[in-house]
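Chemist: This is a predicted model, with the sequence first.
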Amino acid sequence: MGRREFITVLAGAVAWSTAGRAQQQPRIGYLSPVTSSADAPRREAFLRGLAEHGYIEGRNILVEWRFADGVLGHLVPLAAELVRLGVKVIVAAGGAR
């Protein structure tokens with residue numbers, strides 16, 4: 001599945017899961033093994049993909065950003081934190097190539 005297809009499925013899942021709760025913005029968790037600055041291009045592409053489907057961060061969707069800063073042992077506690085926050089889906093970004 002390509003990035004566009006994934007974003008389409010993700011946007012549809014978020015829209016479906018929040019039907020009937022228009023006043024509450026859906027919340028997505030974004031988890032990356034690298035630093036925020038190293039992940040910037042991927043993060044920007046993710047936000048562009050959401051925007052192409054009408055989702056604008058802070059307007060009609062919330063994104064909880066979490067970065068492990070290159071320490072893979074931080075991923076599990078960060079993922080657990082996102083679950084505790086009640087995100088509808090967690091997007092797991094890949095590592096550096």
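Modeler: Cool, the structure landed.

Chemist: which residue ranges form the strands in this structure?
Modeler: Per DSSP state E, the chain carries strands over the ranges 27-32, 62-67, 89-92.

Chemist: which stretches of this structure have low pLDDT?
Modeler: Residue ranges of the chain with pLDDT under 70: 1-23, 95-97.

Chemist: Pick the most deeply packed of the strands of the chain.
Modeler: strand 27-32 (a mean of 21; mean count of other CB atoms under 10 Å). Heads up, the C-betas are built off the backbone N, CA and C, glycines and all.

Chemist: just checking, what packs against that one?
Modeler: Identification of packing neighbours for strand 27-32 by 3 or more CB pairs under 8 Å, 6 or more residues apart in numbering; DSSP states H and E yields helix 40-52, strand 62-67, helix 75-85, strand 89-92.

Chemist: Only alpha carbons, please: show the longest one as PDB.
Modeler: What follows is helix 40-52 as a C-alpha-only set of coordinates in PDB (Å, rounded to 0.1, in the frame of the first residue of the first chain):
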ATOM      1  CA  ALA A  40      10.600  16.700   9.600                       C
ATOM      2  CA  PRO A  41      10.300  15.800   5.900                       C
ATOM      3  CA  ARG A  42       8.200  12.700   6.700                       C
ATOM      4  CA  ARG A  43       6.000  14.700   9.100                       C
ATOM      5  CA  GLU A  44       5.400  17.400   6.600                       C
ATOM      6  CA  ALA A  45       4.400  14.800   4.000                       C
ATOM      7  CA  PHE A  46       2.100  13.200   6.500                       C
ATOM      8  CA  LEU A  47       0.400  16.600   7.200                       C
ATOM      9  CA  ARG A  48       0.100  17.300   3.400                       C
ATOM     10  CA  GLY A  49      -1.500  14.000   2.900                       C
ATOM     11  CA  LEU A  50      -4.000  14.600   5.600                       C
ATOM     12  CA  ALA A  51      -4.700  18.100   4.200                       C
ATOM     13  CA  GLU A  52      -5.400  16.600   0.800                       C
END
